[in-house]
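A.B. asks: Need a 3D model of the following:
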Amino acid sequence: MPLTADRATPERKGQDFGYPPAAGNTIFRGAIVCLNASNEAVRGAAAAGLRCVGVAQNSTLDVGFPGLVQTRRGTFQFRNSAAGEAITAADIGNVCFIADDDQVQRTNGTNTRSACGTVAAVDAAGVWVRIP
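C.D. replies: The predicted structure follows:
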């Protein structure tokens, strides 16, 4: 139903969200976090069908783990792959793909890897990836 008066619309920062972890899946602070087909948080891995949701701000191993993996979206630096999968400056603006929970690659490996985000920059220390 359309509004007929002013509304105080709730706002939430678009970068911080929490997700329930998949059973038996250890996620470390700083890891790439994805959702699986059951909408549970899993650590980034070379697998099809995952949806990248951010970088873990807590660990499932934290004492008193609160039950949700807290993630943050933004631009983060990850390890670059080697050889034919290495990301270069020519890839800036392209989507990159998850190799593991701290590494990205240039291609989807013939549909065997899930997207991580968009390459924002590449330097000697790694690849800067924007996770929307």
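A.B. asks: Give me the longest strand you can find in the protein.
C.D. replies: For the chain, the longest strand by residue count, based on DSSP state E, is strand 115-123.
A.B. asks: which SSE is residue 104 in?
C.D. replies: Assigned by DSSP states H and E, residue 104 belongs to strand 103-105.
A.B. asks: The longest strand of the chain - what's its average pLDDT?
C.D. replies: Computed over strand 115-123, the mean pLDDT rounds to 98.
A.B. asks: quick one: whichever helix or strand comes after that strand to chain centroid distance?
C.D. replies: Per DSSP H and E, the first helix or strand lying C-terminal to strand 115-123 is strand 126-131. Centroid separation between strand 126-131 and its chain, computed with C-alpha atoms, centre = their mean, to the nearest Å, is 10 Å.
A.B. asks: now stretch 80-94
C.D. replies: The chain centroid and the centroid of stretch 80-94 are separated by 18 Å, computed with C-alpha atoms, centre = their mean.
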